[in-house]
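In: output the structure for:
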Amino acid sequence: MNNSNFWLNSDIKGTLNLLELANTQKAITNFIKILTDKEIPVEFYSNNDGDSMTNGKKITLSSSISANTVDSVVGTALHEAAHCKYTNFNELKYLNNTLAPKNLMSGKHTISILLNFIEDRRIDDLVYNEAPGYQGYYRAMYKRYFYSKIVDKSLKGPEYREENWESYIFRIINIFNKNTDLNALAKLQQIYEIIDLKNINRLINTHESLLIAVKIYKYLSDHFASMTPEERKSQVQQNKQNVSSKFPSKEETKKAFNKQENFINGEIHKSSMSKNERQQVEALSKLNIKSKKIKTTDFNGVKRDNIKVHVIDGINKTLINSNLYDIFHISSIYNNTANKGISLGKKLLNKLQIRNEQITLASKRLKTGKIDPRRIYAANFENDLFYKIDKSNYKPISIHLSIDGSGSMQEDNKWKSVLTNTIALGYVSLYMNNIDLNISIRTTGKDPRLSSKTSQIPLLILAFNSKKHTLKDLKNLAYYNPKGLTPEGMCLNTLNEYIPNSSYYLDSYLINMSDGYPTFESRGFIYKGKTALLDTTKAVYNIKKKGVKILSYFINSPTNDYREKELINNFKIMYGKEASFINPDNINEVTKTLNNLFLQKNLIS
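Out: Below you'll find the predicted structure:
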């Protein structure tokens, strides 16, 4: 099992889609924050990002991630984060200042490789031991970039046994491989002892890693300088004794070596992402979007238990500007609609202030309770010195107002009327102590997980919650652009968990406004007809079982008069006797109904 299965859906196959990439980015960001205790940006790699490895200020990810490589990507990001926490980048930046006085400038390239190798071992040892929960990701990283069958066989073969820098670098960076042959080169055993991997934690900073790199370089430089051509030739012959007869070709070995060397030098290949894709992934990672699986029945009567509905918690500027699901736009017309709704809400609020009041009843001349100081004078000859006060409040009301956000709501001014009255009710709920209002939109949008422009996903937008949102959040409803299909029952099944049960202390309501049949089609899944009607009926029934009272309004339109009888019958099948039918120009009738509901004097002590 991949370590990422614990936070990424385990049924992922193939390359990760945008939503999965966003979840990966979010998880890695959290891991890095835990590891470094810093807010280090984690972004997907673009062509203009320069080096693929970290510069200490941000971490980049490859956009091409699959279910098989996600653990290694996390491990690589953690490795880069360890550099951010433990590596002194000034040692690398000002390496010339260290090497020039020691006349080592000619060996700068080799010393840099050795330094990177030693520093990698030092910081990886720190993380591996201090954060054991990340060990699986590190193992996946090393397996991908260092451990391979080719390298394993090459270490036993005749390649890289010459007494030169290339051979030593290959053998040194694989010195921790279980197949390492310390007799492959004359001084490899001594290099192994200088590095002392088992005690690598003795190095407390990057400068000490640099000192080890310089020491190795000087030691090998002296070794090469001291050998005559004959001695070198003889040593190579000795190095190649008792080698394996089965080994990869020189080209295969060279390719694997280059991959390792690139990793050490911070040159990992990372697939880049377009600007638009980065913006969408950025939006997905910042937004609270959940993918819910529901059970439903398709057009052919086949039961499905893996249909997904995306739940969006809140509408904010990130969601609007990215137009993630292709359902938002910025228009002054809709801003005007929002202002009209607020104006209507202010008028309603003046009528409803009575609900904020508390009713108090004082009972005096009692035999028990609190002492009434004004009755003390009668203490010698009366026992009724006590009183109590009963305080009653209006019974709290929880209303979930769910709106059909399909494209047909654009017709005949329906959406503007619904939006105006919805925002009015939202405004009222912000200023009432015992009225909680949630507003959701049921619709479909372009599926960010898939590349096809026609791929759709059912959406449940939890647009407003009077407990946690503000007037600014309420006005963001105006940026929603009705389009798409009507996945009625699927969204109601998902919505059920967000509607509280009715009780002695709470009256819970679901107010529904819609204008069409339940319909949805995408990637071979068809949801319509009788099965969709019955599925919606079942979803409504499950909500009613919680004691939730349902008021459902079908918004008539002149364009569907020829189907009026059929529409009425189907709507009643779904919502029962609670079904009502109203004209879009009379949406305020819904507001009046709710106004009367708000003023009901159901008191609780």
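
In: from residue 117, how far out is residue 210?
Out: Distance of residue 210 to residue 117, computed by CB to CB, to the nearest Å: 12 Å. All C-beta spots, glycine's among them, are computed from the backbone N, C-alpha and C.

In: one more: residue 142?
Out: 13 Å.

In: next one: residue 553
Out: Using CB to CB, we find residue 553 at a distance of 70 Å from residue 117.

In: just to revisit the earlier point, out of residue 142 and residue 117, which sits in the busier spot?
Out: The neighbour count for residue 142 versus residue 117, taken as other CB atoms under 10 Å, is higher for residue 117 (24 against 17).

In: can I assume that one is in contact with residue 171?
Out: No. Between residue 117 and residue 171 there is no contact under CB atoms under 8 Å: 11.5 Å.

In: residue ranges of the helices in the stretch 351-500 of the chain, please?
Out: 414-430, 471-475, 488-495 (DSSP state H, counting those that start in this stretch).

In: pull out the buried residues from the shortest one.
Out: Read that as helix 471-475. Judged by neighbour count (16 or more other CB atoms under 10 Å), helix 471-475 contains these buried residues: 473-475.

In: for the host helix or strand of residue 338, the distance to its chain's centre please.
Out: In this structure, residue 338 sits in helix 332-352 according to DSSP states H and E. In terms of CA atoms, centre = their mean, to the nearest Å, the centre of helix 332-352 is found 34 Å from the chain centre.

In: which residues does the closest residue in space to residue 502 that isn't next to it in sequence contact?
Out: What sits nearest to residue 502 in space, not counting adjacent residues and going by CB to CB, 6 or more residues apart in numbering, is residue 547, at 3.3 Å. Listed by CB atoms under 8 Å, 6 or more residues apart in numbering, the contact partners of residue 547 are 501-503, 508.

In: list the helices and strands the one helix or strand residue 537 maps to packs on?
Out: If you go by DSSP H and E, residue 537 is part of helix 529-544. If you count contacts as 3 or more CB pairs under 8 Å, 6 or more residues apart in numbering; DSSP states H and E, helix 529-544 packs onto strand 289-297, helix 488-495, strand 549-555, helix 564-575.

In: need the residues that contact that helix.
Out: Residues contacting helix 529-544 (CB under 8 Å, 6+ apart): 296-301, 488-490, 492-493, 495-496, 499, 510, 517-520, 527, 550, 552, 570, 573-576.

In: give me the buried subset of the residues you listed.
Out: With burial judged by 16+ other CB under 10 Å, the buried subset of these is 296-299, 488-490, 492-493, 495-496, 499, 510, 517-520, 527, 550, 552, 570, 574-575.

In: buried ones in the helix holding residue 537, by neighbour count?
Out: Buried residues in helix 529-544, counted by 16+ other CB under 10 Å: 531-540, 543.

In: got the CA coordinates for it in CSV?
Out: Below are the C-alpha coordinates for helix 529-544, written out as CSV (Å, rounded to 0.1, in the frame of the first residue of the first chain):
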residue,chain,number,x,y,z
GLY,A,529,-36.7,9.3,-16.5
LYS,A,530,-38.7,7.2,-14.0
THR,A,531,-35.6,5.9,-12.1
ALA,A,532,-34.3,9.4,-11.5
LEU,A,533,-37.8,10.5,-10.3
LEU,A,534,-38.0,7.6,-7.8
ASP,A,535,-34.4,8.2,-6.7
THR,A,536,-35.3,11.8,-5.9
THR,A,537,-38.4,10.6,-4.1
LYS,A,538,-36.3,8.3,-1.9
ALA,A,539,-33.8,11.1,-1.2
VAL,A,540,-36.7,13.4,0.0
TYR,A,541,-38.1,10.5,2.1
ASN,A,542,-34.8,10.0,3.8
ILE,A,543,-34.7,13.7,4.7
LYS,A,544,-38.2,13.6,6.1
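
In: how far off strand 549-555 does it point, in degrees?
Out: For helix 529-544 against strand 549-555, the angle by axes from the mean of the first three to the mean of the last three CA atoms, to 10 degrees is 140 degrees.

In: tell me where the stretch 51-200 of the chain has helices.
Out: 70-86, 89-93, 95-99, 108-130, 135-145, 149-156, 165-173, 188-195.

In: quick revisit: which secondary structure elements does the helix holding residue 338 sit against?
Out: Contacting helix 332-352 under the criterion 3+ CB pairs under 8 Å, 6+ apart are the following elements: helix 414-430, helix 471-475, helix 588-598.

In: make JSON lines out of these and add distance to residue 440.
Out: Shown next, in JSON lines, are the helices and strands packed on helix 332-352 (distance: least, CB to CB, whole Å):
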{"stretch": "helix 414-430", "distance to residue 440": "10"}
{"stretch": "helix 471-475", "distance to residue 440": "13"}
{"stretch": "helix 588-598", "distance to residue 440": "16"}
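
In: in stretch 115-129, what counts as buried?
Out: Neighbour counts over stretch 115-129 (16+ other CB under 10 Å) mark 115-127 as buried.

In: of these, closest to residue 234?
Out: Of all those, residue 234 sits closest to residue 117, with 28.9 Å by CB to CB.

In: please tell me how far that closest one sits from residue 150.
Out: Residue 117 sits 19 Å away from residue 150, taking CB to CB as the criterion.

In: and if you look at residue 110?
Out: Taking CB to CB, one finds residue 110 at 24 Å from residue 150.

In: residues contacting the closest residue to residue 312 other than its chain neighbours?
Out: Sequence neighbours aside, residue 461 is the residue nearest to residue 312 in space, at 4.7 Å (criterion: CB to CB, 6+ apart). By CB under 8 Å, 6+ apart, residue 461 lies in contact with 312, 315, 405, 440-443, 480.

In: could you do residue 134 as well?
Out: Neighbouring residues of residue 134 by CB under 8 Å, 6+ apart: 31, 35, 75, 78, 127-128.

In: switch to 10 Å and redo it
Out: By CB atoms under 10 Å, 6 or more residues apart in numbering, the contact list for residue 134 reads 3, 31, 34-35, 74-75, 78-79, 81-82, 127-128.
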